[in-house]
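Dropping a prediction and its sequence here:
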Amino acid sequence: MDAIRKKMQSLKAETDGLYATIAKFEESTKEYNRMADQADCDIRDYGKKVQQLEIGFDETNDKLLKATESLEEKEKHFKEVEADVAALTRRIMLMEEEAKKSEQNLADTVTKLALSSKEADQVLKKVKVFESKCMNNEVTIEEYDKNLRATTKMASDNEQKLDELTRKLG
């Protein structure tokens, strides 16, 4: 009976040990279920965050596409404006060269005009000298003409007197 008692005690101890193990496992199961529930909540929260991040990513990606398109348009416009500026720069350079040529032509023309003006002044001085000589000659000619008339009149008067004297004497 002792052996039965020992066997019973051993079975009871073994049963109590198993109940304790079952209790531990049930406690562990509760803890793991609580952790699993918490993990499920965390997964839902992370899923919501991921969804919000995806929405934000899509919005940001759309903004990036729009900004890229805008940048491409601006670059295209910039290239057009840059080409216009280059063309205008070339035109300015050509106009500056043309202005330099025009200035040189103007300077040459002004120099020629000044020389022509000096020559014209000299010619006018000569003309005045000749006009003065002409006037003097005209005055002299008029004096000679008066003298000639006076002399002719005297000669005519003298001839008449000679004729009268010859008639009277003759």
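Looks like it came in fine. Numbering: from 1, shown residues only.

gap between stretch 68-80 and the chain center?
18 Å (C-alpha atoms, centre = their mean, to the nearest Å).

Buried ones in it, by neighbour count?
By 16 or more other C-beta atoms under 10 Å, stretch 68-80 has no buried positions at all. Where C-beta positions appear, they are placed from N, C-alpha and C, glycine not excepted.

Could you pull up the mean pLDDT of it?
What stretch 68-80 shows for mean pLDDT is 96.

distance between the helix or strand where residue 93 lies and the chain's centre?
Taking DSSP states H and E as the criterion, residue 93 maps to helix 2-169. Remark: helix 2-169 is offset 0 Å from the chain centroid, using C-alpha atoms, centre = their mean.

Tell me where the model's unsure across this protein.
Residue ranges of the chain with pLDDT under 70: 170.

Just want the most central residue of it.
With distances taken as C-alpha atoms, centre = their mean, residue 85 lies nearest the centre of the chain, 5.3 Å away.

now that residue: how far from residue 79?
Going from residue 85 to residue 79 by C-beta to C-beta, to the nearest Å gives 11 Å.

Then residue 56?
Distance from residue 56 to residue 79, counting by C-beta to C-beta: 34 Å.

that older thread, and the residue nearest to the centre of the chain, how far from residue 78?
Going from residue 85 to residue 78 by C-beta to C-beta gives 10 Å.

what does residue 49 give?
Distance from residue 49 to residue 78, counting by C-beta to C-beta: 41 Å.

Done for today, thanks.
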